[in-house]
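*Asks:* okay, here's the prediction I keep looking at, along with the sequence it came from:
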Amino acid sequence: MPHFPLDQALTDSADGAESATGPYRALLLSDTGGLTKFGAFIEILPPRLCLLDQTLARA
């Protein structure tokens, strides 16, 4: 797999509005490097403390 800076990696993201899993951003390393057999990515998730606090307040 070729070496490339992370800021040049292809990305995928969602704001979480239409997903039960919430917002995320992913750096698609295998797609950027041309790998087709295995998937390699870095998934970046925001802190979820505000949702945890809301859930605990309802309990």
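*Replies:* Nice, thanks for sending it over.

*Asks:* shaky segments in the protein?
*Replies:* Under the criterion pLDDT under 70, the flagged ranges of the chain are 1, 48-59.

*Asks:* switch the cut-off to 50
*Replies:* Judged against pLDDT under 50, the chain has no low-scoring part.

*Asks:* can you give me the helices for the protein?
*Replies:* For the chain, helices defined by DSSP state H occupy the ranges 29-33, 49-58.

*Asks:* what residues does the first one touch?
*Replies:* By C-beta atoms under 8 Å, 6 or more residues apart in numbering, the surrounding residues in contact with helix 29-33 are 1-2, 4, 8-10, 35-36, 38-42. For the C-beta atoms, the positions are set from N, CA and C on the backbone; glycine is no exception.

*Asks:* tell me which of the residues you listed fall in strands.
*Replies:* Secondary structure assignment by DSSP state E places 10, 41-42 of the contacts of helix 29-33 in strands.

*Asks:* and the residues you listed, which of them are buried?
*Replies:* The neighbour count (16 or more other C-beta atoms under 10 Å) marks residue 41 as buried among the ones in strands among the contacts of helix 29-33.

*Asks:* as a markdown table, the ones in strands among the contacts of helix 29-33 with distance to residue 17 would be great.
*Replies:* Below are the ones in strands among the contacts of helix 29-33 laid out as a markdown table (distance: C-beta to C-beta, whole Å):
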| residue | distance to residue 17 |
| --- | --- |
| 10 | 22 |
| 41 | 22 |
| 42 | 23 |
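
*Asks:* what is the nearest of the ones in strands among the contacts of helix 29-33 to residue 25?
*Replies:* Using C-beta to C-beta, residue 42 comes nearest to residue 25 of those, at 8.9 Å.

*Asks:* tell me how many other residues surround the residue lying closest to the closest one once chain neighbours are set aside.
*Replies:* Excluding the flanking residues, the one nearest residue 42 by C-beta to C-beta, 6 or more residues apart in numbering is residue 27, at 4.4 Å. By the measure other C-beta atoms under 10 Å, the count of residues near residue 27 is 19.

*Asks:* ok, now residue 43?
*Replies:* Each residue near residue 43 was counted by other C-beta under 10 Å, and the total is 10.

*Asks:* perfect, I'm done here.
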